[in-house]
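Enquirer: prediction below, plus the sequence it came from.
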Amino acid sequence: MANMTRESAAILTAAGIPVSIEGGYEAYVPKTRIVLFEAGQAVVHGLSFDEALKTITLNPAKLLGIDARVGSIEKGKDADLVLFDGDPFEYLTKVKMVFIDGEMVAEND
C-alpha cells in the first residue's frame, strides 16, 4: 500500500478515476460491515456521501461490465436492495429489509 493515503478515494474520484471498494472474502468473517466501514472512512477523508455510495454499488458494477443490470436503482434493472434504519456507513445502523429480484427475502424488527 505504498503511496496510499486515507484521501486516496477522494483524490482519484476528483481526477475522474472510478474507485471501487471491496472487502475480500473469508468464509468465517462477514465482510459487509467492512465494506460499509471503508466507504464511510472515505467520506470522513474527503469523498462525498454519494460518491462513497457509488464505490460499493455503481462503480464496481461498471468495472465488472454489469451496470446495465445492477449498481443503481433504475427501471429495468435487477431489484436487489437493502434498506437500513439509518446511515449505511454508521456502524450501529442495522439492516431492516432485503429484497432480491424485487421480492422481500428478509425483514428485521
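Expert: Thanks, I have it. These numbers were taken from a predicted model, which means no experiment stands behind them.
Enquirer: please, where are all the helices along this protein?
Expert: 8-14, 32-44, 49-55, 58-64 (DSSP state H).
Enquirer: go through those and name the closest to residue 79.
Expert: Among those, the nearest to residue 79 by C-beta to C-beta is helix 58-64 (14.3 Å). For every residue, glycine as well, the C-beta is placed using N, CA and C.
Enquirer: other residues contacting the helix or strand bottoming out on mean pLDDT in the chain?
Expert: Scoring the helices and strands of the chain by mean pLDDT, DSSP states H and E places helix 32-44 at the bottom, with a mean of 87. Helix 32-44 has contacts (C-beta atoms under 8 Å, 6 or more residues apart in numbering) with 6, 9-10, 19, 21-23, 49, 51-53, 55-56, 88-91.
Enquirer: TSV for the helices of the chain, including distance to residue 104 and mean neighbour count?
Expert: TSV is the format used below for the helices of the chain (distance: least, C-beta to C-beta, whole Å; neighbours: other C-beta atoms under 10 Å):
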stretch	distance to residue 104	mean neighbour count
helix 8-14	32	17
helix 32-44	18	17
helix 49-55	22	19
helix 58-64	22	16
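Enquirer: distance to residue 76 added to those helices, as CSV?
Expert: CSV is the format used below for the helices of the chain (distance: least, C-beta to C-beta, whole Å):
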stretch, distance to residue 76
helix 8-14, 27
helix 32-44, 26
helix 49-55, 19
helix 58-64, 14
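Enquirer: out of these, nearest to residue 75?
Expert: helix 58-64 (15.5 Å).
Enquirer: so residue 86 is in contact with residue 95, correct?
Expert: No: using C-beta atoms under 8 Å, residue 86 makes no contact with residue 95, being 10.6 Å away.
Enquirer: more neighbours: which of those two?
Expert: residue 95 (14 against 10; other C-beta atoms under 10 Å).
Enquirer: the more buried one and residue 57, how far apart?
Expert: According to C-beta to C-beta, to the nearest Å, residue 95 stands 15 Å off from residue 57.
Enquirer: repeat that for residue 5.
Expert: Counting by C-beta to C-beta - residue 5 and residue 57 are separated by 24 Å.
Enquirer: those two: who's more crowded?
Expert: Taking other C-beta under 10 Å, residue 5 and residue 57 do not tie; residue 57 has more neighbours (17 against 11).
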